[in-house]
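Colleague: Model the following, please.
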Amino acid sequence: MSTMSVARADALEVASPSQRIGAAREFFVVGGLTPVLFAASFVLRKAFGLDAPEYAVGFTMFYAAYVLNDPHFTVTYLLFYRRFAARAFGGEAAGVQRVRYIVVGIVVPAALASWAIVSLLTRSAHALGLFIQLMFFLVGWHYVKQGFGVMVVLAARRGVVFTVRERLALLFHAYAGWAYAWANPADPGIEVEEKGVVYVTIAHSPALERLALAFLVATLVVLVVVLVQKRRREGRLPIVTPTTAFLSSIWAWSIYSSIDPLVRYVIPALHSVQYLYFVWLLRGNEAREREGPPWFEVSRRVRLGTLALAAVALGCVVFHAAPSILDAALVSRRDRASSLGPTPYFAALYAFVNIHHFCMDYVIWRRENPDTRYLRA
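Modeller: Prediction:
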C-alpha cells in the first residue's frame, strides 16, 4: 500500500464522532439515501398496497418541491449572475470561460425565450412540444454530468485523483447512461401531454435502444476494469460515497427512474438535495473565509440563510406566481380547450428554466471557475 493510501486509512480510523456523522450525512445526501428509499417503498407497498402510499408520497413531494426542487433551479441564477458583468466583460474570467459566460448568460436565454414566445404567439403545440422534448432530452445529460462531477470532487476531497484515462472512463459511462435512458424504451412517436400541452413525441427505433444498451454495457466493463486497476495500483480507495453518488445519478435516477412507483416521485428531490449540498459547500466555505480578515463580512449562517430564502422566494415567483398570472390573463377559454391546454405559459417557463439551468451549470461547475476552489476546502 502506498504512503498516501496508508495516510488515508489512518485518517479514517482516527476520525472523530463528529467527522463520522459528517461522513454519514454526506453519504446520504449525495445519493446514499436512494437504496434506503427502494427498501422503504417495498415495505410500504407490501403493508398498505400501492394507492395510499402513492398518494401520500406524491402529495409530500409536490409540496417539498417548494423548498427543494424549485430552489435548486433558482439558486443557479443567483450563482451564475453574481458578478456576471465582471466575468463576461471584465477581468474575472478569460478565454473560453469568458465566452461561456457570454453565450450561456445572454445568447442561450435569448434563443430559448424567442422559441417559447414564438410558440405561444402562434399557438403551436408542435413547437412548444419540441421545446419540452429538448428539456427531456437534456435532463438526462444534466443528471449524469452532475453525477460525474460529484464523483470527481468528492474523490478529490478524499485524496483520490483520477487520471485522464480514468476520468474518460467515468465520463463515457455517464454519457452512455444518458443515451440509454433516452433511447429506452423505443418510441414509435406517440401523442402525449405535458403541463397541459399535447404533442407527438420524436420517434426512435428499437435498433437505437439496442445500440445504446451495447454502449452502456461496454462502458460499464471498461469502468470496472479501470477502477480495479486503480485499486491494485494505489491500494485502498475511500470512494464509496463518490461512487454511490455517481451510480445513483446514472442508474437509479436516469436509466431506471420509473422502476419503482414510489421512488420515482422522490428522484427530483434526491437530485436537488445532491445539488444543494454542493451549493452549501461552495458558498459555505467562501462565507467562512470571508468572515475573517481582511473582509470581516457577515457570518456564514447569515449569508447561507439569505441565499436560501432568496432561492425559495425566486422559485415561488418563477414556478408558481408568474406562470399562474400569465396563464390566467393571456389564455382564452377557447385556447384552454386546444392542444396547448390551460397552462401553456407554465409549460414554456418550466422548460425554459430547466434548459437554461442545465447550461448555466455547465459553466459554474468547472475548474476554470475560481470559485470552485471552495469545494476543496
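Colleague: contacts, neighbours, all on C-alpha from now
Modeller: Noted.
Colleague: could you point out where the stretch 1-150 of the chain is predicted with low confidence?
Modeller: Residues of the stretch 1-150 of the chain meeting the criterion pLDDT under 70: 1-15.
Colleague: repeat for the stretch 201-350 of the chain
Modeller: Ranges of the stretch 201-350 of the chain meeting pLDDT under 70: none found.
Colleague: where do the helices sit along it?
Modeller: 206-234, 240-247, 263-291, 300-316, 322-330, 333-336, 344-364 (DSSP state H, counting those that start in this stretch).
Colleague: who's in contact with the shortest one?
Modeller: Surrounding helix 333-336, the residues in contact under the criterion C-alpha atoms under 8 Å, 6 or more residues apart in numbering are G341, P342, T343.
Colleague: gap between the second one and V192?
Modeller: This points to P342. Separation of P342 from V192 (C-alpha to C-alpha, to the nearest Å): 15 Å.
Colleague: do H126 as well
Modeller: Taken as C-alpha to C-alpha, the span from H126 to V192 is 11 Å.
Colleague: Which of the two has more residues huddled nearby?
Modeller: Just comparing H126 and V192: by other C-alpha atoms under 10 Å the higher neighbour count belongs to H126, 17 against 12.
Colleague: The more buried one contacts Y199, correct?
Modeller: Yes. The pair H126 / Y199 is scored as a contact, 5.7 Å apart, by C-alpha atoms under 8 Å.
Colleague: could you show me where the strands are in the stretch 101-250 of the chain, in order?
Modeller: For the stretch 101-250 of the chain, applying DSSP state E, counting those that start in this stretch gives strands covering 191-194, 197-200.
Colleague: Next one: the closest residue to A169 other than its chain neighbours from L247, what distance?
Modeller: Nearest residue to A169 in three dimensions, chain neighbours excluded: L223, at 5.3 Å (C-alpha to C-alpha, 6 or more residues apart in numbering). Separation of L223 from L247 (C-alpha to C-alpha) stands at 11 Å.
Colleague: Kindly report the same for Q146.
Modeller: For Q146, the distance to L247 - C-alpha to C-alpha - is 11 Å.
Colleague: L37 too?
Modeller: From L37 across to L247, the span is 15 Å (C-alpha to C-alpha).
Colleague: Of the two, which one has the most company?
Modeller: The residue with more neighbours, out of L37 and L247, is L247; 20 against 15, by other C-alpha under 10 Å.
Colleague: so what's the residue nearest the centre of the chain up against?
Modeller: The centroid of the chain falls nearest to Y143 when counting by C-alpha atoms, centre = their mean (4.6 Å). Residues counted as contacts of Y143 (C-alpha under 8 Å, 6+ apart) are S249, I250, W253, S254, H271.
Colleague: please redo it, this time with the cut-off set to 6 Å
Modeller: S249 (C-alpha atoms under 6 Å, 6 or more residues apart in numbering).
Colleague: go on, A39?
Modeller: Contacts of A39 by C-alpha under 6 Å, 6+ apart: none found.
Colleague: Mind doing that once more with 10 Å?
Modeller: By C-alpha atoms under 10 Å, 6 or more residues apart in numbering, the residues touching A39 are V263.
Colleague: coming back round to it: would you turn the contacts of helix 333-336 into a markdown table with distance to T306?
Modeller: Converted to a markdown table, the contacts of helix 333-336 look like this (distance: C-alpha to C-alpha, whole Å):
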| residue | distance to T306 |
| --- | --- |
| G341 | 37 |
| P342 | 35 |
| T343 | 31 |
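Colleague: Please state the offset of the strand or helix carrying A52 from the chain centre?
Modeller: Assigning secondary structure by DSSP states H and E places A52 in helix 51-64. Helix 51-64 has its C-alpha centroid displaced from the chain centroid by 22 Å (C-alpha atoms, centre = their mean, to the nearest Å).
Colleague: repeat for stretch 18-35
Modeller: 18 Å.
Colleague: mind listing what's buried in it?
Modeller: E26, F27, F28, V29, V30, G31, G32, L33, T34 (16 or more other C-alpha atoms under 10 Å).
Colleague: Any buried residues in stretch 54-71, and which?
Modeller: In stretch 54-71, counting by 16+ other C-alpha under 10 Å, buried: E54, V57, G58, M61, A65, Y66, V67, L68, N69, D70, P71.
Colleague: For A93, which of the strands of the stretch 101-250 of the chain is the nearest?
Modeller: Nearest to A93, of all the strands of the stretch 101-250 of the chain, is strand 191-194, at 38.8 Å by C-alpha to C-alpha.
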